[in-house]
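got a sequence here, can you build the structure:
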Amino acid sequence: MTRCVLYTADDGQVVGFLCSGHAAYAEAGQDIVCAAVSVLTQTCVNALERVAHVRPIVRTGEGFLAARLPRDTENRDATTLLNGMTQGLRDIAAQYPDHFRLDMRAVSEWR
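Numbers count the residues shown, from 1 in each chain. Below is the predicted model:
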């Protein structure tokens, strides 16, 4: 199962995420759930840099991607991009609950 945690600020705004795992919807390379999550999260990171002109703090590794806005970032474009990604991930979670899980946590829990 692919799991994503969305990290929120005190006001409820998403300021980061961590996604990891394999959805096991299909074989690697054929898995539409993994592909959808990857497209949403990677596009969000790229757009934060190129559209919002914000350099997120990014961590990557075997099977995971994490990104967080720098502290005290106030950028309307960044907020819009993260909200768009969040909606897409919610839609995937609703359609594929056996393969994708989405959780929310306070940014203070960021590891």
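
okay, and the closest residue to T43 other than its chain neighbours sits in which element?
Among residues not flanking T43 along the chain, M85 sits closest, at 7.6 Å (Cβ to Cβ, 6 or more residues apart in numbering). Heads up, the C-betas are built off the backbone N, CA and C, glycines and all. M85 is part of helix 76-95, with elements assigned from DSSP states H and E.

repeat that for L65.
Going by DSSP H and E, L65 is part of strand 64-68.

so where's the chain uncertain?
111 (pLDDT under 70).

can you tell me which residues contact the residue nearest to T43?
In this structure, M85 makes contact with V14, F17, L40, T41, T43, C44, judged by Cβ atoms under 8 Å, 6 or more residues apart in numbering.

what does F64 give?
So F64 contacts L18, C19, S20, G21 (Cβ under 8 Å, 6+ apart).

quick one: residues in contact with the one helix or strand R59 maps to.
In the assignment (DSSP H and E), R59 maps to strand 57-61. The contact list for strand 57-61, computed with Cβ under 8 Å, 6+ apart, reads G16, V45, L65, A66, A67, R68, L69, P70.

what about the first one, neighbour count?
It stands for G16. 20 (other Cβ atoms under 10 Å).

over to it: give its phi and psi.
phi -180, psi 170 (degrees, to the nearest 10).

against N83, how distant is it?
13 Å (Cβ to Cβ, to the nearest Å).

just checking, I32 touches A24?
No - counting by Cβ atoms under 8 Å, I32 does not reach A24; the two are 11.9 Å apart.

roughly how far is stretch 6-19 from the heart of the chain?
Distance of stretch 6-19 from the chain centroid (Cα atoms, centre = their mean, to the nearest Å) equals 9 Å.
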